[in-house]
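Participant: this one's structure only:
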């Protein structure tokens, strides 16, 4: 089997030739572990695509998650200067805003006065919302505009610029015949939190639940459109990034009210046109109490499944609860095992996950959440060795 076939079989709850392995890597890991400049990785379509492929090949992963959008090919023309201070580089843009770009973590965009821009909940009109992409060159804007030209993007298919799919196209052209290539969209709840900043976003749920739901419904429309664009471009799966929907942030009731209906709307919209395309959900932290609610969205798979102490999911319990309903991806501790453990500890932990999650198929070996920037490459490489030694059916 090719990696693409292996992943596809597992995502459709089948039994491939061996357990697939695919981890999401923190952007800082690409900055530190590839020969490319970190500013170019974050801002340049082709460089990011090449960084993705470089580490997929190095670690022997069966899949690649494209977790940044395609970029404006003319992004460099917006720069007025780049300077270095205290180990970080600072990009000043033509509108006076600047990006603080550390060598090992995500860049952040600041206004001229040194603060980050977030609209207030009071000023947001749900009818002006469609999608919020926090990783665009200019980060969050409202009404949403791409880059620094300031023109609000129109609701509907034309909201997304033509270069939005360029990274997906680049990676598919290079490795899409043999490697499983996944697109990523932000869930409505994640977009809402990113738009308002997290404290303000959580308070908004309490202050005006009706308006919050109207915002989430509008953001679900944009997320659906983006997922469909990715599907049309040829991705082999779509990940809904719903990082902030665990028990550490919201209750089961709030999940039912503010997450489930809107993720279901996206999945139903994608499945209406692409019924065989796997759509799966990434939620961090404590989700052991809501696997049933996550499944009720219609998702094909659940990603992360953080084990204690990071989360609340024991793999044997998740397997018993969702096997045959959703595929399982994750559960390997990215901090205590991959970052801080020895290669021997990584092998032992991977073996345990494979023997627990692998029987009957539908399991993908992965870290529970992103591999950290400083994770030793020799530890990550042990995952491919583990599936070759212990994961064959």
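Facilitator: In hand now; what should we look at? Note that the structure is predicted; figures quoted are calculated from it, not measured.
Participant: Let me see the contact set for the one residue sitting closest to the centre of the chain.
Facilitator: Geometric centre of the chain, nearest residue: residue 241, 4.7 Å, by C-alpha atoms, centre = their mean. Residue 241 makes contact with 67, 184, 185, 186, 187, 190, 282, according to C-beta atoms under 8 Å, 6 or more residues apart in numbering. For every residue, glycine as well, the C-beta is placed using N, CA and C.
Participant: do that again at 10 Å, thanks
Facilitator: Contacts for residue 241 (C-beta atoms under 10 Å, 6 or more residues apart in numbering) come out as 24, 65, 67, 184-187, 190-191, 223, 281-284, 303.
Participant: Next: residue 12.
Facilitator: Counting by C-beta under 10 Å, 6+ apart, residue 12 touches 276, 278, 300, 301, 327, 361, 362.
Participant: could you flag which of these are buried?
Facilitator: Neighbour-count burial (16 or more other C-beta atoms under 10 Å) is assigned, among these, to 278, 300, 301, 327, 361, 362.
Participant: For the residue nearest to the centre of the chain, list each beta-bridge partner.
Facilitator: Going by DSSP bridges, residue 241 is paired in beta bridges with residue 186, residue 282.
Participant: For residue 351, see how far away it is.
Facilitator: Applying C-beta to C-beta, to the nearest Å, the value for residue 241 to residue 351 is 29 Å.
Participant: ditto for residue 276
Facilitator: Remark: distance between residue 276 and residue 351 (C-beta to C-beta) = 32 Å.
Participant: and what of residue 195?
Facilitator: Remark: distance between residue 195 and residue 351 (C-beta to C-beta) = 42 Å.
Participant: which one of these two has more residues nearby?
Facilitator: Shown here are residue 195 and residue 351; by other C-beta atoms under 10 Å, residue 195 has more neighbours (23 against 16).
Participant: Phi and psi next, for the more buried one.
Facilitator: Backbone geometry at residue 195, expressed as degrees, to the nearest 10, gives phi -70, psi -40.
Participant: Quick one: the strands in the stretch 201-350 of the chain, in order.
Facilitator: With DSSP state E, counting those that start in this stretch as the criterion, the stretch 201-350 of the chain has strands at 237-241, 279-283, 301-304, 327-330.
Participant: Check which residues of stretch 357-368 are buried.
Facilitator: 357, 358, 361, 362, 363, 364, 365, 366, 367, 368.
Participant: What pLDDT does the model give the last one?
Facilitator: pLDDT for residue 368: 96.
Participant: quick one: it and residue 314 touch, right?
Facilitator: No - Residue 368 sits out of contact with residue 314 when judged by C-beta atoms under 10 Å, with a separation of 11.9 Å.
Participant: any residues in contact with both of the two?
Facilitator: 305, 307, 331.
Participant: Export these as a markdown table, with columns for pLDDT and neighbour count.
Facilitator: Shown next, in a markdown table, are the shared contacts of residue 368 and residue 314 (pLDDT from 0 to 100; neighbours: other C-beta atoms under 10 Å):
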| residue | pLDDT | neighbour count |
| --- | --- | --- |
| 305 | 97 | 29 |
| 307 | 97 | 22 |
| 331 | 98 | 27 |
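Participant: so can I have a markdown table of the residues you listed showing distance to residue 14?
Facilitator: Shown next, in a markdown table, are these (distance: C-beta to C-beta, whole Å):
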| residue | distance to residue 14 |
| --- | --- |
| 305 | 20 |
| 307 | 25 |
| 331 | 20 |
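Participant: Looking at those residues, spot the one nearest residue 383.
Facilitator: residue 331 (12.3 Å; C-beta to C-beta).
Participant: OK, contacts around the closest one?
Facilitator: With C-beta under 10 Å, 6+ apart, residue 331 has these contacts: 303-307, 311, 313-316, 318-319, 349, 352-353, 356-357, 363, 365-368.
Participant: again, 7 Å this time
Facilitator: Taking C-beta atoms under 7 Å, 6 or more residues apart in numbering, we find residue 331 in contact with 305, 307, 313, 315, 353, 357, 368.
Participant: try residue 20
Facilitator: Contacts for residue 20 (C-beta under 7 Å, 6+ apart) come out as 6, 7, 10, 62, 364, 365.
Participant: State the pLDDT value of the second one.
Facilitator: Right, residue 7. pLDDT for residue 7: 98.
Participant: So which bits of the helix or strand that it is a member of are buried?
Facilitator: Using DSSP states H and E, residue 7 sits within helix 3-11. Across helix 3-11, burial judged by 16+ other C-beta under 10 Å covers 3, 4, 6, 7, 8, 9, 10, 11.
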